[in-house]
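got a sequence here, can you build the structure:
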Amino acid sequence: MNKGRIAHRFSSAISTYDKAAVEQRHIANQLFRMLLDYYAQNKLPHPRRVAEIGCGTGILSRLLYTNFNPDSLYLNDLCAEVAPLFDGWEKTTFVASDAEAMEIPTANDLIATSSVIQWFDAPLNFLIGCRNYLADGGILAVSCFGPNNFRQIRELTGRGLYYYSIDETVNALAPYYEIIVAREEEIEQSFTSPQAVLRNLKETGVTGLSGGELQGGKEEDFRWSRAKLNSFCSSFIERYPAKYVGPEAVTLTYHPIYLILKRK
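Predicted coordinates:
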């Protein structure tokens, strides 16, 4: 993964992310509801020491902060530019760093991360390593993506991130965690045109077509020629039309996986 390129893309999208990130917000909300259900069903107090990895503009962070009111909230993101978004948050520490190359505070009751680890070099190893930063019985709450995520773009261009299946992920983590929740869903989001898909990806920092971090990609960024863009758009409309939206409307698949894991 080219972490510098990833950081630049997301930093450029800070002002547009919250409005454009419709499915990312849905995913964060779903993950948080699963957390609430876990604590309620087991009659457990809310976590007091909380860490979030890849907090971005704070969609999940606000849910954790306002609902749990933790004694300490540790926020991390690769992009230092999001730090001002958390000014004035009491008992909150923000650290800009590559999460795979840093030490997380220890003895957390909860570590959470949503729609982030697909950008990591070794996402499953990172999740296994989170065990070292959890208190006994601590919870790791994760949303990640499965193999059908953005499948239309991968099928049309031959480029895309590698995503582990839910079975691969659970099998890798089961020796280290009790699996409380392991669920997946597929969401078909409609866009008015293929150009609207590309615009949404840019506005959320996910170009989906950039360089060396992509399976089968080259180190340089993907370059659109007029002919390449026209071919992409016409094929998208023909192969993946969205009903009842418009003549050029298309669908894009999101494939979130949700995990609530308890430290063994």
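
can we go C-alpha only for contacts and neighbour counts from here?
Will do.

so Phe10 versus Met1, what's the distance?
Distance, Phe10 to Met1, using C-alpha to C-alpha, to the nearest Å: 14 Å.

the more surrounded of those two?
Looking at Phe10 and Met1 with other C-alpha atoms under 10 Å, you find the greater number of neighbours at Phe10, namely 24 against 15.

so which helix or strand takes in that one?
Using DSSP states H and E, Phe10 sits within helix 3-12.

and that helix, average pLDDT?
Averaged over helix 3-12, pLDDT sits at 87.

need the contact partners of that helix.
Leu78, Cys79, Glu81, Val82, Asp98, Trp119, Lys202, Thr204, Gly205, Val206, Thr207 (C-alpha atoms under 8 Å, 6 or more residues apart in numbering).

measure the second one to Phe94 for me?
Using C-alpha to C-alpha, we find Cys79 at a distance of 11 Å from Phe94.

comparing these two, which shows the higher neighbour count?
Set Cys79 next to Phe94 and count neighbours by other C-alpha under 10 Å: Cys79 wins out with 24 against 20.

wait, isn't Pro47 in contact with Ile111?
No - at 9.7 Å, Pro47 and Ile111 do not qualify as touching, with contact defined as C-alpha atoms under 8 Å.

who has more neighbours, the two?
Ile111 (27 against 19).

check contacts around Leu35.
Ala141, Ile260.

and it, backbone torsions?
Per-residue torsions, Leu35: phi -60, psi -50 (degrees, to the nearest 10).

against Leu110, how distant is the residue of the chain most remote from its centre?
In the chain, counting by C-alpha atoms, centre = their mean, Ala227 sits farthest out from the average C-alpha position, at 31.9 Å. From Ala227 across to Leu110, the span is 49 Å (C-alpha to C-alpha).

all helices for the stretch 51-200 of the chain, in order.
Along the stretch 51-200 of the chain, the stretches classed as helices by DSSP state H, counting those that start in this stretch are 59-68, 123-129, 151-157, 166-173, 194-203.

against which helices or strands is the last one packed?
In this structure, helix 194-203 makes packing contacts with helix 14-20, helix 226-239, judged by 3 or more C-alpha pairs under 8 Å, 6 or more residues apart in numbering; DSSP states H and E.

what's the closest non-adjacent residue to the most centrally placed residue in the chain?
With distances taken as C-alpha atoms, centre = their mean, the residue of the chain nearest its centroid is Ser115 (0.8 Å). Distances taken as C-alpha to C-alpha, 6 or more residues apart in numbering put Cys144 closest to Ser115, at 5.2 Å, once the chain neighbours are dropped.

tell me, how many residues neighbour the one you found?
24.

ok, the residue nearest to the centre of the chain touching Arg25?
No - using C-alpha under 8 Å, Ser115 makes no contact with Arg25, being 9.6 Å away.

neighbours of Gly4, how many?
Around Gly4 there are 11 residues (other C-alpha under 10 Å).

for Phe150, list the residues it contacts.
Phe150 touches Gly160, Leu252, Thr253, Tyr254, His255, counting by C-alpha under 8 Å, 6+ apart.

from Ile166, how far out is the last one?
It stands for His255. His255 sits 10 Å away from Ile166, going by C-alpha to C-alpha.

please enumerate the shared neighbours of these two.
With C-alpha under 8 Å, 6+ apart, His255 and Ile166 have common neighbours Gly146, Glu184.

now Asp77: closest residue in space, sequence neighbours ignored.
According to C-alpha to C-alpha, 6+ apart, the nearest residue to Asp77 is Gly54 (4.4 Å).

tally up the residues packed near that neighbour, please.
With other C-alpha under 10 Å as criterion, Gly54 counts 24.

so Tyr240 touches Thr253, yeah?
No - at 10.1 Å, Tyr240 and Thr253 do not qualify as touching, with contact defined as C-alpha under 8 Å.

what segments of the stretch 1-150 of the chain are strands?
49-53, 72-77, 92-96, 108-114, 134-145 (DSSP state E, counting those that start in this stretch).
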